[in-house]
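J.: Sequence and predicted structure, then a few things I'm wondering about:
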Protein chains: 2
Amino acid sequence: MSLDEFGLIDRIRSRTGARADIALGIGDDAALLLPAPGQQLVVTADTLNAGVHFPHETPAQDIGWKALAVNLSDLAAMGAQPAWCTLSLSLPESSASWVEGFAEGFFALADRHGMALVGGDTTRGPLAISITAMGQVPVGQALRRDGARPGDDVWVTGVPGEAGLALALWQQRQLAVAGPVAEPAREQLRLRLARPTPRLEAGLALRGLASAAIDVSDGLLADLGHVCARSGVAAEVMESSLPASQHASELQLGAAFEGLRAGAGDDYELCFTAPASARAQVAQSMASVAVRATRIGYIRTGSGVRLLDGEGKAVSRERSGFNHFSIGGQ
Amino acid sequence: MSLDEFGLIDRIRSRTGARADIALGIGDDAALLLPAPGQQLVVTADTLNAGVHFPHETPAQDIGWKALAVNLSDLAAMGAQPAWCTLSLSLPESSASWVEGFAEGFFALADRHGMALVGGDTTRGPLAISITAMGQVPVGQALRRDGARPGDDVWVTGVPGEAGLALALWQQRQLAVAGPVAEPAREQLRLRLARPTPRLEAGLALRGLASAAIDVSDGLLADLGHVCARSGVAAEVMESSLPASQHASELQLGAAFEGLRAGAGDDYELCFTAPASARAQVAQSMASVAVRATRIGYIRTGSGVRLLDGEGKAVSRERSGFNHFSIGGQ
């Protein structure tokens, strides 16, 4: 009657990648790891709950990918190199095929970034995935939220709002969350929600360049607001500078998309600040890792974040943040 | 309508202890920590789910304590010194008093062992607590499961089976899990289940002495079986050597207790092996940290664990392990 805890762990363990800095992996009371000298340990933890952070019908592969992606995104926002993680998996029932699918998505992303699973557990309960991710960064080189200074540029990677558009389409039953769809633009949007790309290469490239950074999980303005609060500064964002979505245009959803760019979440892009003097270097470093980066505003003295229209007037966007799909339609 | 995630984190954060090796704590995308040179990082993760790992009516204080205790117990079994942890808390509703109670129990134990909370999140969902605990141990000094050798003694700390007896009493409605009870022996048993003591001082004292160690969570024989499997050896345990419970005697439950000593779990004692030549040193080191330790058997060549009666005959104990309270009565 009990969940075959050990069987599940074995199934996942067999997929675990090896790293030279793992003295002892899964199978003892704890893992033994060898942090690199001169590096700080970077630690973050994030949980995804079924029905709160993803629709119940989401395929196991996508859940495995996304649960790790949101954690890797936090490491990216610190400029960290991924190293090890633990996984706590709560499952309503023991299903070998579900676990296989989950592991497939999880390790597809983990292997890409040299991230090793070193511990965790499985318990019986409503579907939930808790991951603690560990990375490393040379002492003093981490990207933090508290370094933005008046005069700095504000940048964002990728196209924030596309995950929000995918969510809206799903809520309107215009997009299935399971399986590829025929229309390429729609499929690209689906993947933006189902399989976000943590911007690890961008984070590494921004060491020594960015003055502050955060990943966009709650929504662009809300997350930039966290940077401002920690740095003791204000920010102005030019709405006209926000990146356009080619996929939205192709689907003739440009207008719907525009309303989502500043407030919708779940994009896992990086929003960062850098001195205006580093503008060319930032552009070059982002190009070197093939990541689109757009300059969208400025850091000012004061507090809060203002979204400005083409004439420099404040635009009101009621949604200050994004609380995941369960209330995304409200 | 959304859970006040940030408010909850703030409430917990205000209780977070400081350590000199935390460069950046809660409040950024990730924490920045400074591992000590020459040490291995020891990492473990364990989840507790309401209704699976503890009765729903368990007080928040006890849940906070126990969720951390089971993780600290894994660090103890490695001989590690606790350092940092992350906490992922899934809550069915936002309740300030519940969170206060949880934090009280959690930090009562964390502060005792210098364990700092450095990250985590709160989500809305069925009550579940996932903790990843990190500790440190000098390179090469960790207690592992794979070092037991034929001829070694088998030891156990404390009185395994008392948590199981408390559980049985609770299931028979002879023990409430909430609040102190008048009878001292019954209250002591209740605490053995509700507030287990991770044997961290014992683990530290056993560095360089024990050849292998594990914490007793599944049941004494089952956990010793894990040591044997990893070490490639067998073990014999003398039933008559297993520690008696004073509390059980006082409550005239000696007979019921005897049947639980070898198989019941949730005790979070340490079961360890050590060379016979180190017998006096082990006794001395355990006395120095005021931990009762009992020699209960021997490591042999072969495989598996046998429980022997006074005449050296194998005793059959059907229960090979303990799957927490939900099926404890079966």
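T.: That came through, no problem.

J.: How many neighbouring residues does the nearest residue to A:Asn49 once chain neighbours are set aside have?
T.: Using C-beta to C-beta, 6 or more residues apart in numbering or on different chains and skipping the chain neighbours, the partner closest in space to A:Asn49 is B:Gly125 (4.2 Å). From N, CA and C alone the C-beta is placed, and that goes for glycine too. Neighbours of B:Gly125 under the rule other C-beta atoms under 10 Å in any protein chain shown: 23.

J.: ok, now which ones touch B:Gly125?
T.: A:49, A:51-52, A:126, A:128, B:90-92 (C-beta atoms under 8 Å, 6 or more residues apart in numbering or on different chains).

J.: Could you do A:Ala80 as well?
T.: Applying C-beta under 8 Å, 6+ apart, the residues near A:Ala80 are A:42, A:135-137, A:142, A:203, B:30.

J.: Of those residues - the most surrounded one?
T.: A:Gly203 (32 neighbours).

J.: Check the residue nearest the centre of chain A and give its pLDDT.
T.: Using C-alpha atoms, centre = their mean, the residue of chain A that lies closest to the mean C-alpha position is A:Tyr268, 3.0 Å off. Per-residue pLDDT puts A:Tyr268 at 97.

J.: ranges for the helices of the stretch 51-200 of chain A?
T.: Using DSSP state H, counting those that start in this stretch, the helices found in the stretch 51-200 of chain A span residues A:60-77, A:96-112, A:162-171, A:184-194, A:200-205.

J.: CA atoms only: put the longest one into CSV for me.
T.: Included here for helix A:60-77 are C-alpha records, laid out as CSV according to Å, rounded to 0.1, in the frame of the first residue of the first chain:
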residue,chain,number,x,y,z
ALA,A,60,5.1,15.1,-16.8
GLN,A,61,8.0,16.0,-19.1
ASP,A,62,7.1,19.7,-19.0
ILE,A,63,6.6,19.6,-15.3
GLY,A,64,10.1,18.1,-14.8
TRP,A,65,11.6,20.7,-17.1
LYS,A,66,9.9,23.7,-15.6
ALA,A,67,10.4,22.7,-11.9
LEU,A,68,14.1,22.8,-12.5
ALA,A,69,14.0,25.8,-14.9
VAL,A,70,12.5,28.1,-12.3
ASN,A,71,15.3,27.3,-9.9
LEU,A,72,18.0,27.5,-12.6
SER,A,73,16.6,30.9,-13.4
ASP,A,74,17.3,32.1,-9.9
LEU,A,75,20.9,30.9,-10.3
ALA,A,76,21.1,32.7,-13.6
ALA,A,77,19.9,36.0,-12.0
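
J.: now check it, is it near chain B?
T.: Yes. Residues of helix A:60-77 contacting chain B under C-beta under 8 Å from any C-beta of the partner chain: A:74-75, A:77.

J.: thinking again about what came up before, just to be sure, the residue nearest to the centre of chain A is in a helix?
T.: No. Going by DSSP: H, G, I helix; E, B strand; the rest coil, the assignment for A:Tyr268 is coil, not a helix.

J.: Next to chain B in this structure, residues from the stretch 151-300 of chain A, please.
T.: Counting by C-beta under 8 Å from any C-beta, the stretch 151-300 of chain A sits next to chain B at A:213-215, A:230.

J.: For ChimeraX, write the select line for the buried members of these.
T.: Buried residues within these, by 16 or more other C-beta atoms under 10 Å in any protein chain shown, are selected in ChimeraX with:
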select /A:213,214,215,230
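
J.: Could you check how far A:Arg279 is from A:Val154?
T.: 12 Å (C-beta to C-beta, to the nearest Å).

J.: Quick check: neighbours shared by the two?
T.: With C-beta under 8 Å, 6+ apart as the test, A:Arg279 and A:Val154 both reach A:Arg295.

J.: Between these two, which has more neighbouring residues?
T.: Using other C-beta under 10 Å as the criterion, A:Arg279 and A:Val154 rank with A:Val154 on top: 26 against 13.

J.: who's in contact with A:Gln108?
T.: If you look again at residue A:108, you'll see it is Ala, not Gln. Counting by C-beta under 8 Å, 6+ apart, A:Ala108 has contacts A:61, A:64-65.

J.: one step back: pLDDT and distance to B:Ala18 added to the contacts of A:Ala80, as JSON lines?
T.: JSON lines is the format used below for the contacts of A:Ala80 (pLDDT from 0 to 100; distance: C-beta to C-beta, whole Å):
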{"residue": "A:Val42", "pLDDT": "98", "distance to B:Ala18": "19"}
{"residue": "A:Gly135", "pLDDT": "98", "distance to B:Ala18": "22"}
{"residue": "A:Gln136", "pLDDT": "98", "distance to B:Ala18": "22"}
{"residue": "A:Val137", "pLDDT": "98", "distance to B:Ala18": "21"}
{"residue": "A:Ala142", "pLDDT": "98", "distance to B:Ala18": "19"}
{"residue": "A:Gly203", "pLDDT": "98", "distance to B:Ala18": "27"}
{"residue": "B:Ala30", "pLDDT": "96", "distance to B:Ala18": "18"}
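
J.: now, among those residues, which is nearest to A:Leu117?
T.: A:Gly135 (14.0 Å; C-beta to C-beta).

J.: hmm, back to that, tell me which two in the contacts of A:Ala80 are the farthest apart.
T.: Farthest apart among those - using C-beta to C-beta - are A:Gln136 and A:Gly203, which lie 12.4 Å from each other.

J.: Just to check, A:Ala133 is in contact with A:Pro82?
T.: Yes. Using C-beta atoms under 8 Å, A:Ala133 is in contact with A:Pro82, at 6.7 Å.
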